[in-house]
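Participant: Give me a model of this one.
(one chain, ligands or ions: 1)
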Amino acid sequence: MPSPKLKEALAVGGIALAAVAAILYRQIVQKRSPRASWLRTISFNGKWEKFVAVDPSQLLVITDFDGTITAGDANQCHDLVGTCPLLSQAFRDEFAPLLDWTTNTSIDGVEWWDKAHELMLKHGVPPRALLQRLVREARMPPRPGVLQLLEKLAAMNVPVLIVSAGLSDVIEEWLRLHEALTENVTVCSNRLNYGADSEPQSVSPQPPVTSFTKAATYKMAGAFFRHHMARRMIMVLGDSVSDIDAAQEVPYDESLSIGFLNSRPPTAMTKYADTFDAVVLGNGGSLVPLIELVELIEANGRVVEMELANRKRHLKMSRSFADFLSTVDGPIS
Ligand SMILES: [Mg+2]
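Facilitator: This next block holds a predicted model:
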């Protein structure tokens, strides 16, 4: 039989072991949790409180595509076209210097997009008939949670404006592939205008949508914003600090911005935390916390619908009573 001292030592050891196991378990769970990759800045909680009170009719979403809707390490629209083995070697050879970031510093800014589009038109690529295959065979995984988020926003009829310096044709094909090209989604990006021979004839708009010109979004997507002018609670998503510019001219009551750091070095964190209300870490940083917020907004919508239905019912009852009065001749005794 163990002595009282040994019993005490065993008990203390057991408690210590349980405590260590609990800490390890919590760490594992936190690592698995989608929230572990979210860093909320000082502005986030106050804005969250405002957003949980709105209903879907007030909400509008503006989002980047490459590295935001897709994962941080996914192929980006122009890279995808420039490196596609389905396209001619001559085109790829001419496009390659644009993707070599060690030597292409001489072609910077808006000029990069002009040059890229010029080459695509010169070689007549990508042919329209190849677009679907090109996107299907590309490595463009969705960011975790994004398809669920888009599905929910579609069900709630919340307008989503995708503002991208990529290519509308690639983005729409990607959305179609993932059954996410719904009526509430509008793409504001560079569009290839195809001729009857399946080769692109021109690219619009001019000047192109670039990461340097996102501040022009309100002007470029004027019809979209006019149509949805009553929606004044906006969410802005992007993986470049310039993505926030897309909301620059948009009139709103409150905006909630989410930035995706992807694989940028930790030194970029300060800039991201200054720009966005929350920063999501890692190439596969999840959108689950945002889905939870959207679900709360969806629940508010249901409450509003129930209140409206109740009001209509009461209105109907009072009309019935009025009808009753109109059938009565003379004063009721
Ligand atoms: Mg991006």
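Participant: what about the helix ranked longest in the chain, distance to the chain center?
Facilitator: Assignment by DSSP state H gives helix 288-326 as the longest helix of the chain. Here helix 288-326 is found 30 Å from its chain centre; the criterion is C-alpha atoms, centre = their mean, to the nearest Å.
Participant: Mind pulling up the pLDDT for the residue of the stretch 151-300 of the chain found nearest the ion?
Facilitator: At 4.4 Å from the ion, D239 is the closest residue in the stretch 151-300 of the chain, using C-beta to the ion. In this view, the C-beta of every residue, glycine as well, is placed from N, C-alpha and C. For D239, the model assigns a pLDDT of 97.
Participant: so who does the residue nearest to V163 when sequence neighbours are not counted touch?
Facilitator: Once flanking residues are discounted, V163 sits nearest to A246: 4.4 Å by C-beta to C-beta, 6 or more residues apart in numbering. The contact partners of A246, by C-beta atoms under 8 Å, 6 or more residues apart in numbering, come to 62, 64, 161, 163, 214-215, 217, 236, 238.
Participant: please redo it, this time with the cut-off set to 7 Å
Facilitator: Residues near A246 by C-beta atoms under 7 Å, 6 or more residues apart in numbering: 62, 163, 214, 217, 236.
Participant: now swap in S202 and tell me
Facilitator: S202 neighbours (C-beta under 7 Å, 6+ apart): 121, 193.
Participant: For the host helix or strand of it, the averaged confidence score.
Facilitator: Here S202 sits within strand 200-204, counting by DSSP states H and E. Predicted confidence along strand 200-204 averages 96 (mean pLDDT).
Participant: quick one: buried residues of that strand?
Facilitator: Going by neighbour count (16 or more other C-beta atoms under 10 Å), the buried part of strand 200-204 is 200, 203.
Participant: and what of stretch 289-308?
Facilitator: Applying 16+ other C-beta under 10 Å to stretch 289-308 flags 289-291, 294, 297-298, 300-301 as buried.
Participant: swap in stretch 113-122?
Facilitator: 113-117, 119-121.
Participant: hmm, back to that, give me the distance from the strand holding S202 to the chain's centre.
Facilitator: With C-alpha atoms, centre = their mean as the basis, strand 200-204 stands 26 Å off its chain's centre.
Participant: Going forward, count from 178.
Facilitator: That works, and once the first residue is 178, the last one we named lands at strand 377-381.
Participant: Tell me the strands beside it, with direction?
Facilitator: strand 362-371 (antiparallel) (DSSP bridges).
Participant: Does the partner strand reach the ion?
Facilitator: No - using C-beta under 5 Å from the ion, strand 362-371 never reaches the ion; the gap is at least 11.2 Å.
Participant: Sweet, I'm off.
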